[in-house]
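Asker: Need a 3D model of the following:
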Amino acid sequence: MATPITKFDSKTRPRVFVLSSVDHRPHLAGEIARLRQVIQQHVDIVGEDSDFSDSISTAETDFAIVLGGDGSILRAAKLLGDNQIPVLGVNLGKLGFLADIRPAALAAALQAIAANKYKYIDHLMLNLQVFRGQKKVSENVGLNEVAILGGPPFNIQMIDLYVDGQLATSYNCDGLIISTPVGSTAHNLSAGGPILRKDLQAFVISPISPHTLSVRPVVDSADRVYEFVVTRPNESTSVVLDGQIITRVQSTDRIRVVRDKSVFQLIEVTDNNYYCTLREKLGWNGEFKK
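Answerer: Just a heads-up that it's a prediction; the model follows:
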C-alpha cells in the first residue's frame, strides 16, 4: 500500500537522518564514509547515529537513510518506535529485501527523490505484549516476527493458540512463529511457512517442526488478537522479537500479538516487480542447474 509523498521543490533540499551500522561492522567504515559524501551532495544531513542507540528527532527530518542490511532496517524500525518516518535502505549486507538500494545507485535514488519520482510503501508492524497473570510485564513493537523458542533441555513445546479470545488449536512443536508480510521471507520461510505479499494486512502463524502431519501454517487477518500460552515451558523457553530475546516464558504468561498503530514506510524509487525480487533474492527458479 502506498501513501501520499512529501513534495520537494528546486529551492528545498530534503533533510535526512543517517543511520549506519559502522559501530557493529567496522569493516564497512570506509564505504560508509564514502556514501556519506554522496549523501551530502544531494540532501541536508540533520543528524546521524552509528550504533542505533540515540532517539531520532523527526520534527525537522523528511526521511531516514539506513546504511546497512536488512538487520539494520529492523533496528531502525525499533529505534523510530511510535515516531516512524520514511526510510531509504542502502544495502551493505547480503540479501537486501528491505535495504534494496545498491551503493552505486544511491546518487540516482536521491536525485529521483528530490525530483519527486518516488513513493512510500506502507508495511504492517506488530505489537507484542506479555502478560504474567494480570500484569503486563513487557510491550514492544516489531517489524518481522515474534517467535516462541525452546532452548535446553530441548523438550517439545506445548503451545495453545487463542484467536480473539477463543481457543483455536494446540501445537506440539519445537517453537512457533507469528510473522508480518515483511517477516514472511525470514524465519517463517525457513520454517516452511508461506510468503505473503508485502502489502497484505495479515499475519502468518507457522509451527517449527510440529509433531503431527495435520498441522500447517495459517494466514489470517491482522485485525484479530492472537494469544499464545506455553503450558509447560522449560527454563530456556523464550519470546523473541525480531531476533532479540524479550523475556523467558512462564506457564502463567499470555503472549499477545496484535497490529501496531505505527506503520513502517519504505521509500521506493523504481518500479520494483515483487516476483522478480523474490526470484533474484531467493534463487526462485524451477529449472535444474546443469
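
Asker: now the helices for the protein?
Answerer: Along the chain, counting by DSSP state H, helices occupy 29-42, 70-80, 106-114, 187-190, 274-282.

Asker: And those: which comes nearest residue 180?
Answerer: helix 187-190 (9.2 Å; Cβ to Cβ). (C-beta placed from N, C-alpha, C; glycine too.)

Asker: Spit out the contact partners of residue 217.
Answerer: Taking Cβ atoms under 8 Å, 6 or more residues apart in numbering, we find residue 217 in contact with 188, 192-194, 204-207.

Asker: Out of those residues, flag the one nearest to residue 104.
Answerer: Closest to residue 104, out of all of the contacts of residue 217 and judged by Cβ to Cβ, is residue 188, at 31.1 Å.

Asker: how about the closest one, what does it touch?
Answerer: Going by Cβ under 8 Å, 6+ apart, residue 188 touches 145, 177, 179, 194, 204, 206, 217.

Asker: Look up how far residue 194 lies from it.
Answerer: Going from residue 188 to residue 194 by Cβ to Cβ, to the nearest Å gives 8 Å.

Asker: Now for the two: what residues contact both?
Answerer: By Cβ under 8 Å, 6+ apart, the residues touching both residue 188 and residue 194 are 204, 217.

Asker: hang on, isn't residue 20 packed against residue 34?
Answerer: No: between residue 20 and residue 34 there is no contact, the gap being 11.8 Å when judged by Cβ atoms under 8 Å.

Asker: contacting residues for residue 106?
Answerer: The neighbours of residue 106, taking Cβ under 8 Å, 6+ apart as the test, are 35, 38-39, 90.

Asker: I figured residue 169 was touching residue 161, is that so?
Answerer: Yes: using Cβ under 8 Å, residue 169 is in contact with residue 161, at 5.4 Å.
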